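Turn this into a structure:
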Amino acid sequence: FLLQLISLAMPGAMGVTVDKIVPRQDYHLLSLLAAGLLMVVSFQFLAGFLRSHVLLHLRTYIDLEMTLQFLEHLLDLPYAFFQQRSAGDIMMRMSSGAQIRELRTSGAMAALLDGTMVVLYFLMLVIAAPLLGAIALGVALAQVVLFVYAGRIHAELTAEQLTTQAKLSGFQVEMLAGME
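Next up is the predicted model:
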């Protein structure tokens, strides 16, 4: 979060550079500002590296926990469950754990951090230019409506795709079993 707050300094530093330092030809202040920007960029790189490292550990831990819970649940299911479904369907259900894990780790963390920054940038925009803030809010609301509408269509297509992939995997498993 601190990293993203520091990134707000970049536009301000550019404004000061263009408006005050360059016209005066103050090279000492320009070099000082360049050193400060270099420190900010270095800090952003380090924080990005640490964020990736933490997300990797979080993803690994969640993947391990979810896999163990899924296998325990799978072993607790009655035999009739396996008789009603093809091997391909069961394989597709098992592989969907990776998508859920990705959503729970990277997607949720990025949404939290990026959502906070969007709110901060929006508040700064409203304070600096209320008309532009209103326009940005209108565009954002239109995007949300479009996202919700497209999400429903996407869910239907995803369900259809999973069904088709499950059938395909089932046929592949049966074909390989028949070859043995």
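
Now stretch 118-130 - C-alpha only, CSV.
The C-alpha trace of stretch 118-130 is given here as CSV (Å, rounded to 0.1, in the frame of the first residue of the first chain):
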residue,chain,number,x,y,z
VAL,A,118,-8.3,3.5,-7.9
VAL,A,119,-10.3,5.0,-5.0
LEU,A,120,-7.3,7.2,-4.1
TYR,A,121,-6.7,8.4,-7.6
PHE,A,122,-10.5,9.0,-8.1
LEU,A,123,-10.6,11.1,-4.9
MET,A,124,-7.6,13.1,-6.1
LEU,A,125,-9.3,13.6,-9.5
VAL,A,126,-12.5,14.8,-7.8
ILE,A,127,-10.6,17.3,-5.7
ALA,A,128,-8.6,18.6,-8.6
ALA,A,129,-11.3,18.7,-11.2
PRO,A,130,-14.9,17.8,-10.1
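
pLDDT wise, what is R104 at?
pLDDT for R104: 68.

And S42, by the same measure?
On the pLDDT scale, S42 gets 86.

Count the residues that sit near it.
Using other CB atoms under 10 Å, S42 is surrounded by 10 other residues. Yep, even glycine has a C-beta here, placed from its N, CA and C like the rest.

Counting by contacts, list what the host helix or strand of it packs against.
Per DSSP states H and E, S42 falls inside helix 27-76. The contact analysis (3 or more CB pairs under 8 Å, 6 or more residues apart in numbering; DSSP states H and E) places helix 27-76 against helix 2-7, helix 9-16, helix 87-102.

and the helix or strand that that helix is followed by, what does it pack onto?
Remark: after helix 27-76, the chain's next helix or strand is helix 79-84, criterion DSSP H and E. When contacts are defined as 3+ CB pairs under 8 Å, 6+ apart, helix 79-84 packs onto no helix or strand at all.

Convert the C-alpha atoms of helix 79-84 to CSV, please.
C-alpha atoms of helix 79-84 as CSV (Å, rounded to 0.1, in the frame of the first residue of the first chain):
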residue,chain,number,x,y,z
TYR,A,79,-19.4,-44.9,-4.9
ALA,A,80,-22.6,-44.0,-6.8
PHE,A,81,-21.1,-40.5,-7.5
PHE,A,82,-18.3,-42.1,-9.5
GLN,A,83,-20.7,-44.4,-11.4
GLN,A,84,-22.8,-41.4,-12.5
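
Okay, now the unreliable bits of the protein?
Residue ranges of the chain with pLDDT under 70: 1-9, 88, 97-98, 101-109, 113, 179-180.

Now for the residue of the chain most remote from its centre: which residues touch it?
The C-alpha centroid of the chain is most remote from R24, which lies 43.5 Å away (CA atoms, centre = their mean). With contact set as CB atoms under 8 Å, 6 or more residues apart in numbering, R24 has no partners.

rerun at 10 Å
By CB atoms under 10 Å, 6 or more residues apart in numbering, the contact list for R24 reads L30.
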